[in-house]
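# Quick one, fold the following:
(one chain, ligands or ions: 1)
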Amino acid sequence: MSISSEHNIEDQNGSRWRSFVNKCLTCKACPLSMTRKHVVVWRGGINAPLMILGEGPGAEEDRLGKPFVGRSGKLLDLLLSSFEFGEEDFHIANIVKCRPPGNRVPTPEEAGYCQPLLSEQLRLVRPKVYLLMGATAYRYFTGDDNSISRVRGRWIVSNNCYILPTFHPAYILRDPRRKTLMWQDFAILREKMEELCLMPPLNNGTPLQKGD
Ligand code: URA
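Numbering: from 1, shown residues only. Here you go, the predicted structure:
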């Protein structure tokens, strides 16, 4: 492939991504658009091999327009950096892109209105591995109603992709006794990234710091 056609592909990808983001920012499909401050689309790499999905923006995310930038985000960032994930290795998004008032769980209707945008986002990013954080991400992504405690930490393989359910960081903040389990989930996630040659082996084979 010539350098100029590589550039064309990059330009095309960049412009598809920009028009997708623009569509999100102007979306008025559901009532959450009336109460939001910002539409929260993503943070991380736009061609990242790992997609991390949460539930929906909270107050800080709504204020800043980025997912997981509040207390839960600090814990998530600690886990990611401990396992040496760089900004381009992951793409973080949510089941809904606008904050449900009072941080309530998004309704099935709200998730349904947002679903075409999330599907488009997944098609553009094309991740190989998914981390589903919490019951809402798990339920809306897989359609399964099992509790997150029952399904966490075990791989689901679907359409040649690897899907790992785990706890939501907000749950760990409320019940720190579960922190070790989430740590274990990140360890198997990191192993899978290596096994699939999506990331190099961890420095010294051990995480940099323990998140406790
Ligand atoms: N909780 C979520 O599920 N998503 C965010 O972006 C922040 C907190």
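# ok, Val129 to Val40 distance?
Computed as Cβ to Cβ, to the nearest Å, the Val129 to Val40 distance reads 22 Å. Placement of C-beta: from N, CA and C, glycine included.
# same check, this time on Glu84
When Cβ to Cβ is the yardstick, Glu84 and Val40 sit 26 Å from each other.
# what ranges do the helices span in this protein?
Taking DSSP state H as the criterion, the chain contains helices spanning 3-25, 32-35, 59-64, 71-82, 108-125, 135-142, 148-151, 169-174, 179-195.
# winner for burial among those?
Neighbour counts averaged per stretch over those are highest for helix 135-142, at a mean of 21; criterion: mean count of other Cβ atoms under 10 Å.
# tell me the contacts of whichever residue of the chain sits closest to the ligand?
Per Cβ to the nearest ligand atom, the residue of the chain with the smallest distance to the ligand is Gly54, at 2.9 Å. With contacts defined as Cβ atoms under 8 Å, 6 or more residues apart in numbering, Gly54 is in contact with 67-68, 72, 92-95, 133-134, 136-137, 168.
# one step back: TSV for the helices of the chain, including mean pLDDT?
Supplementary listing: these in TSV, determined by pLDDT from 0 to 100:
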stretch	mean pLDDT
helix 3-25	79
helix 32-35	98
helix 59-64	98
helix 71-82	98
helix 108-125	98
helix 135-142	98
helix 148-151	98
helix 169-174	98
helix 179-195	98
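# out of those helices, nearest to Leu50?
Between Leu50 and the helices of the chain, the tightest spacing by Cβ to Cβ is seen for helix 179-195, at 6.7 Å.
# Run the angle between the closest one and helix 71-82 for me.
With axes from the mean of the first three to the mean of the last three Cα atoms, to 10 degrees as the basis, helix 179-195 and helix 71-82 are set at 50 degrees to each other.
# list the helices and strands helix 179-195 packs on?
Packed against helix 179-195, as judged by 3 or more Cβ pairs under 8 Å, 6 or more residues apart in numbering; DSSP states H and E, are the following elements: helix 71-82, strand 129-133, strand 161-166, helix 169-174.
# before we move on, back to that, quick one: which of Val129 and Val40 has more around it?
Neighbours per residue, other Cβ atoms under 10 Å: of Val129 and Val40, the larger number sits with Val40, 28 against 22.
# nearest residue to the more buried one other than its sequence neighbours?
Pro57 (4.1 Å; Cβ to Cβ, 6 or more residues apart in numbering).
# How about Asp185?
On the basis of Cβ to Cβ, 6+ apart, the spatially nearest residue to Asp185 that is not a chain neighbour turns out to be Thr166, at 4.1 Å.
# that older thread, dump the helices and strands packed on helix 179-195 to JSON lines, plus distance to the ligand.
Conversion of the helices and strands packed on helix 179-195 to JSON lines gives the following (distance: least, Cβ to the nearest ligand atom, whole Å):
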{"stretch": "helix 71-82", "distance to the ligand": "5"}
{"stretch": "strand 129-133", "distance to the ligand": "7"}
{"stretch": "strand 161-166", "distance to the ligand": "12"}
{"stretch": "helix 169-174", "distance to the ligand": "6"}
